[in-house]
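When you get a sec, could you give me coordinates for this:
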Amino acid sequence: MPYYRCFTPKDALTFEQRQDIARAFTDIHCGNTGAPRSFVSVSFFETPHAEQPDFRSTYYVDGANRAGRSEDVKQQLLADLTRAFGEIADVPSDMIDGRITENPASWTMEGGFVLPEPGQEGPEWYAEVAASAAD
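Residues are numbered from 1 along each chain as shown. So this is what the prediction gives:
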């Protein structure tokens, strides 16, 4: 379910930088939450220089996750994501804004399965999802 959108000026990132950011975001999300790597999605949206969205900064990281994690986890996620983005994109931190919004787990599906609340997945749930993916 974790879905991260990165808004950038047109042609600001190379293909390799996008790959590195997507890998870093996946590592960060999974390291902080224990989510399977296959659940993390990262997309990039370019905007023409004259048509920036209504963001205060030039670069914006917008995350959507399941509700239910502690404030500490959410703050750490956002700090780690924006730091990694800045390092890989070679962009100063004052040019990057971000947020993480949350939705109830019951509003989310991955691989045909409605997601349980964070921490309620259990080994049986992971096994069922893995078996379904192997089919």
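
C-alpha only now, for contacts and for neighbours.
Noted.

what ranges of the chain fall below the confidence cut-off?
The model of the chain has pLDDT under 70 over residues 49-56, 133, 135.

residue boundaries of the strands in it?
In the chain, the strands defined using DSSP state E lie at 3-9, 41-47, 59-66, 96-103, 109-110, 113-114.

what's the nearest residue to Glu121 if we skip its chain neighbours?
Spatial nearest neighbour of Glu121, chain neighbours left out: Leu115 (7.9 Å); criterion: C-alpha to C-alpha, 6 or more residues apart in numbering.

I figured the one you found hits Asn103, correct?
No. Judged on C-alpha atoms under 8 Å, Leu115 makes no contact with Asn103 at a distance of 11.1 Å.

Give me the more crowded residue out of those two.
Neighbours around Leu115 and Asn103, counted as other C-alpha atoms under 10 Å, are more numerous at Leu115. The numbers are 19 against 13.
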